[in-house]
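Peer 1: kindly generate the corresponding structure for this input.
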Amino acid sequence: MIVTFNPYAGSAADVNGAYMNFLRCITAAATAAAGTTSLTVNPITGITGASDNTKNCIISIDANTDAGGWQTSASHNVTAPGTAFTAIATNSLYRADFYVDSGKSTYPYNKVTFHITANTVRGPHTTAPALGFNGATNPFISITTGCSSTSDYTSTSYKQIATSGALPTGGTQTTSYTFNTTAYNSSYYAIPSFMLVFNPAVNYKIAVTQNYMMVWEVAASNSYANGYSNTLGSTSFQSYVLPQYSYGTLFYTGLRETQAWENSLNYNNNWAAFMVQHVTRRDNSTASVTSSDIGQRNEAAAFMATMSNTGVPTSTATVQASASSSNLNSDAVTAQYGWNTNVGATQIGADDIVGQYPTIGVGTPLNNLCMLFQTRSKGTYATNWGSWLSLQYMPTVDPNTGSLVPPAVPIVFKRTRSDSWNPGGAITGIYKSLNAPLSTMKLYWTAENQTFTVNGESYIPLVFNEDMYLIRNA
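Peer 2: Have a look, this model is predicted:
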């Protein structure tokens with residue numbers, strides 16, 4: 001199931017209504033039956049629950065071969081039109097909480113939860129907007145994903161505990177990872193995404209089956225004809241500058257391929273997840289890096305049992321992530337995804353490579369996850385990225401037609417630390433594809449909805465400026 005939606009939908013919705021509409025749209029798609037041809041989510045306009053029945057937040061159903069495949073849990077408390085709710089600026093009560101059966105007896109459920117963070121997070125620019133709010137006006141939506149012994153949001157090993165400054169996970173949260181929190185230290189700011197849910201110029205898309213869920217944001221004006229370089233918005237929609245420099249963020253959670261020795265383990269849920277921003281630049285005033293640099297929220301996490309060098313698997317599985325589970329302060333996050341002064345101008349910045357250089361503090365390798373893929377988004381040393389990156393992922397030959405087509409590069413999660421390794425495997429439903437200017441991409445891609453066959457299945461391109469992915473078209 002692939003669905004395009006807009007939580008504002010041209011209505012009079014305030015930020016409270018738009019947040020609830022976002023959760024309602026995610027719910028509609030994630031629980032839709034195969035073959036669904038129509039979904040209606042009339043926008044709620046505010047905390048009274050009043051709705052505008054002349055409009056629909058669902059813009060289109062773009063693929064419907066597969067069902068959404070997820071179920072809502074007892075903790076899912078998204079309100080319906082006509083039901084009043086509390087203003088979200090003062091609470092983190094409302095969440096869209098989903099689960100699927102995992103087939104693993106220790107943690108029988110794989111889960112994903114969309115919510116406002118329960119933490120009083122350390123925010124950008126020294127002020128800490130509580131409960132996932134930017135300037136107390138715009139929510140950014142956190143996403144917790146992982147596995148659990150319960151289908152609802154009650155397991156303390158899964159849910160995000162309300163602990164000041166604990167990010168992106170912490171305390172007893174040992175079987176999940178919370179994406180899109182915020183981070184701050186004295187010089188570097190990692191700004192969250194999914195914060196413009198009431199901006200009519202920003203659309204969201206969800207691709208979902210029982211094996212994965214992907215959500216991404218796009219400028220509504222982007223298209224094959226118009227290009228994909230329109231950014232999300234202006235500072236009028238929020239008090240920091242990311243949207244006017246962002247082409248959009250992609251979030252993924254789903255299953256990865258496993259090794260033969262993993263399959264018999266009853267505690268080794270094979271979920272993997274990542275979030276990557278695509279940006280024009282990361283400074284809020286000039287193209288150069290300054291102390292007010294804006295870090296990308298590139299994060300990756302996976303749940304893995306690991307193997308010793310003598311071939312003995314661990315008796316438990318743990319979250320392997322791009323920030324240390326033992327050092328979850330903002331420095332650990334921003335050193336990896338913000339401007340890292342220990343990375344020389346001739347090196348590729350870790351912030352532009354999802355999951356390559358896990359760190360504890362600044363510059364200390366952690367080796368939790370190997371490199372997943374590289375983006376073309378401008379990073380710390382944008383002026384040093386030459387045309388050599390244009391075809392980082394090169395076209396490949398279609399064996400049936402002999403023509404050149406975009407490549408389908410598997411996104412592989414693996415852990416390579418000695419005596420604690422796991423070769424991992426590729427995730428389902430998505431491939432990395434071309435990194436190139438749009439004019440180059442169009443040499444191998446001729447129409448908006450063109451499909452490509454990968455391993456017998458249909459895929460369509462998803463483009464953020466000069467970064468292409470292939471998304472399963474089902």
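Peer 1: show me the shaky parts of the stretch 1-150 of the chain.
Peer 2: The stretch 1-150 of the chain contains residues with pLDDT under 70 at 89-91, 117-139.
Peer 1: can you pull out the strands in it?
Peer 2: Secondary structure of the stretch 1-150 of the chain (DSSP state E, counting those that start in this stretch): strands located at 2-5, 58-63, 71-72, 95-101, 109-115, 133-134, 138-139, 142-148.
Peer 1: can you check the stretch 201-350 of the chain too?
Peer 2: Ranges of strands within the stretch 201-350 of the chain are 202-209, 212-219, 246-255, 271-279, 294-295, 299-304, 318-321, based on DSSP E, counting those that start in this stretch.
Peer 1: which one of the ones you listed lies closest to residue 415?
Peer 2: The closest of the strands of the stretch 201-350 of the chain to residue 415 is strand 318-321. By Cβ to Cβ, the value is 5.1 Å. C-betas here are computed from N, CA, C, even on glycine.
Peer 1: which of the strands of the stretch 201-350 of the chain has the lowest average pLDDT?
Peer 2: Mean pLDDT is lowest for strand 294-295 among the strands of the stretch 201-350 of the chain, at a mean of 48.
Peer 1: and residue 300, how close does it get to residue 312?
Peer 2: 26 Å (Cβ to Cβ, to the nearest Å).
Peer 1: out of these two, which sits in the busier spot?
Peer 2: A direct count of neighbours by other Cβ atoms under 10 Å for residue 300 and residue 312 places residue 300 higher, at 28 against 10.
Peer 1: doesn't residue 321 make contact with the more buried one?
Peer 2: Yes - applying Cβ atoms under 8 Å, one finds residue 300 in contact with residue 321, separated by 6.9 Å.
Peer 1: for the strand of greatest length in the chain, name the packing helices and strands.
Peer 2: The longest strand of the chain (DSSP state E) is strand 420-435. Contact analysis of strand 420-435 by 3 or more Cβ pairs under 8 Å, 6 or more residues apart in numbering; DSSP states H and E lists strand 212-219, strand 246-255, strand 299-304, strand 409-417, strand 467-472 as its packing neighbours.
Peer 1: pick the most buried one from these.
Peer 2: Mean neighbour count (mean count of other Cβ atoms under 10 Å) peaks for strand 299-304 among the helices and strands packed on strand 420-435, with a mean of 28.
Peer 1: what lines up beside that strand in the sheet?
Peer 2: Here strand 299-304 is paired, per DSSP bridges, with strand 271-279 (antiparallel), strand 318-321 (antiparallel).
Peer 1: report the backbone C-alpha coordinates of the shortest one in CSV.
Peer 2: Extracted as CSV, the C-alpha positions of strand 318-321 are listed here (Å, rounded to 0.1, in the frame of the first residue of the first chain):
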residue,chain,number,x,y,z
THR,A,318,20.6,-6.1,21.5
VAL,A,319,19.9,-2.8,19.6
GLN,A,320,22.9,-2.0,17.5
ALA,A,321,22.7,1.7,16.7
